[in-house]
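Visitor: Pasting the sequence and the predicted model now:
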Amino acid sequence: MNDEQLRIFIEVSDQGSFSRAEETCHISKQALLKQINSLEKEIGCPLFVRSRTGVQMTKAGEIFYHGSKRLLQNETDLIRRCRDTVNEKVLRVGSVEHQVLLNPVIEAFSALYPDIRIERIVHPNHSGEYRVANGIMDVGETFLADQEVKDEVYSFTKLTSVPYCAALSKNHPLARKKQVSLKDLVSYPTVVMPMMIRSEYLKVIRSAFAHNRKNLIERSDVDNQVEIAFSCIHSDQILITANPFISSVRELKKIPLDTGWKCDYGIIYLSPVSRTVQNFIDLALSIYSEKS
């Protein structure tokens, strides 16, 4: 048996149905059945009684259910204790040019825990997920464009939701507006980065520019966000963004979109966490709860 089988067994037990567990486990019913059948064969007795309405645990299944939970929890505790012995004096935090969300957290953490050295791991944009998942850094900053965790290898804790805005020159014809619509933007070259915007929002934007498609500039070079933002200062180009770094570009006017769209930003890390990482997460949550 393995951890995946135990987690699937627990989920089927909690859901009382293979069909419902199929949705929560994100694997097919056939794959679920294969794992459970393999588990029952290895143990040597049935764990479920199947019926048209769902499944019920057998007496052996109930015993196995509680034992499986203890096994997984003991494993989690063991991993956490091991990680607590490693790099307790160093916290490796991901850093790219346009990430500013964790700056106040790093400053406050350094003041609270002067014995722990913060090591900034400079990395290309959007490689933070890979670096966290592979243990190269302990925490990183990221966003959820489509409101779901991009990779189940790491965990995500939301810190804030940032509204989308139109970033443009202070001399731009739209600069006096307090709020802009997509209809206002279609007459000007407007940059969007599909990787950094929810797919449903992107569809609405493309539809709004359908009759003036040449003015919608879709950029895939997300590493150049800072340069793109600064290029708007001396042109009539507009950048649609929810990136927190944009607030630090004082030369640009940031006008809220009337759509009400927002993007979730937060911290990614491996679970279970060390005591140092947990302290960093708790501090970040405290700082951003005070700001909200």
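Guide: Received it, and whenever you're ready, just let me know what you need. Since we're looking at a predicted model, the values are computed, not measured. Numbers count the residues shown, from 1 in each chain.
Visitor: so what's the closest residue to Ala242 other than its chain neighbours bridging to?
Guide: Distance criterion Cβ to Cβ, 6 or more residues apart in numbering; nearest residue to Ala242, sequence neighbours excluded, is Cys263 at 3.8 Å. From N, CA and C alone the C-beta is placed, and that goes for glycine too. Cys263 has these beta-bridge partners by DSSP bridges: Val162.
Visitor: Now do the contacts for Cys263.
Guide: Phe143, Leu144, Ala145, Ser161, Val162, Tyr164, Met196, Ile197, Arg198, Ala242 (Cβ atoms under 8 Å, 6 or more residues apart in numbering).
Visitor: Is it possible to get JSON lines of those that adds secondary structure, neighbour count and distance to Ser13?
Guide: Output for these, formatted as JSON lines (DSSP: H, G, I helix; E, B strand; the rest coil; neighbours: other Cβ atoms under 10 Å; distance: Cβ to Cβ, whole Å):
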{"residue": "Phe143", "secondary structure": "strand", "neighbour count": "22", "distance to Ser13": "35"}
{"residue": "Leu144", "secondary structure": "strand", "neighbour count": "17", "distance to Ser13": "30"}
{"residue": "Ala145", "secondary structure": "coil", "neighbour count": "19", "distance to Ser13": "34"}
{"residue": "Ser161", "secondary structure": "strand", "neighbour count": "15", "distance to Ser13": "35"}
{"residue": "Val162", "secondary structure": "strand", "neighbour count": "19", "distance to Ser13": "39"}
{"residue": "Tyr164", "secondary structure": "coil", "neighbour count": "21", "distance to Ser13": "42"}
{"residue": "Met196", "secondary structure": "helix", "neighbour count": "20", "distance to Ser13": "39"}
{"residue": "Ile197", "secondary structure": "coil", "neighbour count": "21", "distance to Ser13": "39"}
{"residue": "Arg198", "secondary structure": "coil", "neighbour count": "19", "distance to Ser13": "34"}
{"residue": "Ala242", "secondary structure": "coil", "neighbour count": "22", "distance to Ser13": "40"}
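Visitor: Let me know the closest of those to Ile205.
Guide: Ile197 (7.7 Å; Cβ to Cβ).
Visitor: just to revisit the earlier point, least confident of the contacts of Cys263?
Guide: In terms of pLDDT, Ala145 ranks lowest among the contacts of Cys263, with 66.
Visitor: re the thing from before, now, which of the contacts of Cys263 sits nearest Tyr113?
Guide: Phe143 (26.5 Å).
Visitor: how much space between the residue nearest to the closest one when sequence neighbours are not counted and Ala242?
Guide: Once flanking residues are discounted, Phe143 sits nearest to Tyr265: 4.9 Å by Cβ to Cβ, 6+ apart. Here the criterion is Cβ to Cβ, to the nearest Å. By it, Tyr265 lies 8 Å from Ala242.
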